[in-house]
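> Okay, predicted coordinates and the sequence, questions at the end:
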Amino acid sequence: MKESKKHSPKFLKTEKTPVEPFDPEALIEVQHLSKKYGSLLVLDDISEKIKSGEKIAIIGPSGSGKSTFLRCLNVLEDPTDGYVFFEGNNLCDLKVDINLQRRRMGMVFQQFNLFNNMNVLKNITLAPVHMGMQDLRKAKRKNALTRFLNLFRSEEKKKELVPIETNKKQIQEQAKENAMRLLTRIGLADKANVYPSTLSGGQRQRIAIVRALAMNPKVMLFDEPTSALDPEMVGEVLQLIKELADEGMTMVIVTHEMGFAREVATRVFFMDGGKIQEQGPPAQIFGSPQNPRLKDFLSKVL
Amino acid sequence: MKAKLDTFFKYLFDYGNYETVLIGLRNTLVIAVCGLLIGIVIGSFVAALKVAGTRNRVVKVISYIGDAYTGLFRGTPIIVQLIIFHFIIFRGSGINTLLEAVIVFGLNSGAYVSEIMRGGILSVDIGQTEAGRTLGLSFTVTMLFVVIPQAIKNVIPTLGNELIALTKDTSVAGYVATMDLNAAFTAIAGATYDYLVPYLFLALVYLVLVVLITVLIRVVERRMRKSERK
Ligand SMILES: Nc1ncnc2c1ncn2[C@@H]1O[C@H](COP(=O)(O)OP(=O)(O)OP(=O)(O)O)[C@@H](O)[C@H]1O
Ligand SMILES: [Mg+2]
């Protein structure tokens, strides 16, 4: 509408909405996001920006589309319409390497989803090692190509090789060191070699969180991280998330823990019927809600 | 009966023919085990394609080819496949008949294992895939390191069944001049003009093999369970 597409991206689905230029200030920008399951409209034309350092809490009744919204942010669900930008990259553009983008977006699930076939250490190091090796292979391929092309270039036109200062062993050792540092931080260093099935829910969820942290994400997405936990374990997980928030991590948290949302969030989204019905700082959302549905919701949960 | 037994043992040991039986045993095991291993590799690949649910056209086309492959190899008797490969595809290639049998049995088993593995992959919680993908791992890496190992663990009993079926199916490998167990005993039967005793022993050998495989599968199963409880 405002500006026609400059580059014409190849999109996931037949889209109706033209791309608007993204806001360079935003870490994540959502434009006219809609999601349908069959004929069920779960997300209804949501546009929103999330800045670096913000802590967003998403609240709302069951089935209102909170999880779907969160999962659209890293396109774990393909949007039916609209776009998601992360650091200026349109994640709905098939030319954008989604795996590269997801490295910088951590996600934590209600059901922890630790890899059952690996011990705790391997759970944490798997992705960083793969990332390192992939980059290493890429650099080597590039150098091989440069070397080959240099054969045909005159002396002054020869291109420089990319310096490679690492190797497989180093990548593995660094990943392991980093994992142990993270495990020590959450007090579970002694569990490095056990399998997830032997751990408590709280321990598993904290490991799932540091597994995501091991990739040095720019943003963390949490989908009801404490809903599957026994009450006595909720505290330890919330404590860890709060520490991350205090360290300045950008995060989006779907939660039913209103006290936590009030304490940690810088902005609260109230979702209902596939829309963000009301949003604002926690004091406003919890102190003087405007939307009748939000009032109704709060009266039930508080 | 005693006379027949005498002839059988005499033929087997006094004339040194037990070596043929040993070669047959080895070949049968090689065909069955290598066939299954090839089957697991092909089957996992085809199954992963089938569950990919991808938007990539190339992958989709390959997945249709996978469907055709499964249909073809499950829909025709293995003996027909052996003969087609022997007389048409490998004709004049001078390929070792044992290798030929391994390839055909591997392809055949791949078709069955692809369906077994598809079930196995679907039985692994989707959360495992999602966790891998959100960490930035590609579909292939997630499948290879997270989902398929768990899927294989879930389908070990079924794979054991497949190995047993394969072991006995190898008895048709003799049709394309591979010296398997069946061919070895058939040769004895032909030479001693007695079918009863050699075939009874043949049955006994298969039976022992199957019992051994069953025990082996149990052990593997138990090992895998234990490793996750450490
Ligand atoms: N894969 C799917 N297929 C079909 N419908 C789905 C699917 N996933 C979610 N839905 C539907 O979409 C709607 C929104 O689901 P969503 O999980 O986003 O809600 P939610 O706000 O996270 O709820 P809760 O608080 O219970 O987790 C629900 O009506 C749900 O039934
Ligand atoms: Mg939800």
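Done, it's in. Ligands and ions are numbered 1, 2, ... in the order given.

> contacts, neighbours, all on C-alpha from now
OK.

> tally of neighbours for the closest residue to A:Lys36 other than its chain neighbours?
Distances taken as CA to CA, 6 or more residues apart in numbering or on different chains put A:Val42 closest to A:Lys36, at 5.6 Å, once the chain neighbours are dropped. Neighbour count of A:Val42, defined by other CA atoms under 10 Å in any protein chain shown: 21.

> A:Val42 falls within a strand, correct?
Yes. Assigned with DSSP: H, G, I helix; E, B strand; the rest coil, A:Val42 falls within a strand.

> pretty sure it is touching A:Gly273, no?
Yes. Contact criterion CA atoms under 8 Å: A:Val42 and A:Gly273 qualify, at 7.1 Å.

> Need the overlap of contacts for those two.
A:Ser64, A:Gly65 (CA atoms under 8 Å, 6 or more residues apart in numbering or on different chains).

> now the residue in chain B positioned nearest to ligand 1: how far from B:Met143?
Going by CA to the nearest ligand atom, ligand 1 is nearest to B:Ile126 of chain B, at 11.3 Å. Separation of B:Ile126 from B:Met143 (CA to CA, to the nearest Å): 11 Å.

> Between these two, tell me which one has more neighbours.
The residue with more neighbours, out of B:Ile126 and B:Met143, is B:Met143; 23 against 12, by other CA under 10 Å.

> Tell me how many other residues surround the residue lying closest to A:Thr266 once chain neighbours are set aside.
Counting by CA to CA, 6+ apart, A:Lys55 is the residue found nearest to A:Thr266 once chain neighbours are left out, at 5.2 Å. By other CA under 10 Å, 24 other residues sit near A:Lys55.

> OK, contacts around A:Lys55?
For A:Lys55, counting by CA under 8 Å, 6+ apart, the contacting residues are A:Ala245, A:Met249, A:Thr250, A:Met251, A:Val252, A:Ile253, A:Val264, A:Ala265, A:Thr266, A:Arg267.

> Strands along the stretch 201-302 of chain A, start to end?
A:219-223, A:250-254, A:267-272, A:275-280 (DSSP state E, counting those that start in this stretch).

> Touching, A:Pro289 and A:Asp296? I think so.
No. At 9.7 Å, A:Pro289 does not count as touching A:Asp296 under the criterion of CA under 8 Å.

> out of these two, which sits in the more crowded spot?
Under the neighbour definition other CA under 10 Å, A:Pro289 and A:Asp296 were set side by side, and A:Pro289 has more, 18 against 11.

> Per-residue pLDDT of the more buried one, please?
Listed pLDDT for A:Pro289 reads 94.

> Could you do B:Ala177 as well?
In this model, B:Ala177 carries a pLDDT of 80.

> gap between it and chain A?
Separation of B:Ala177 from chain A (CA to the nearest CA, to the nearest Å): 43 Å.

> longest helix anywhere in chain B?
helix B:18-52 (DSSP state H).

> which parts of it are buried?
B:18, B:20-21, B:24-25, B:27-40, B:42-50, B:52 (16 or more other CA atoms under 10 Å in any protein chain shown).

> Does anything pack onto it? Which helices or strands?
helix B:57-75, helix B:97-123, helix B:148-169, helix B:181-192 (3 or more CA pairs under 8 Å, 6 or more residues apart in numbering or on different chains; DSSP states H and E).
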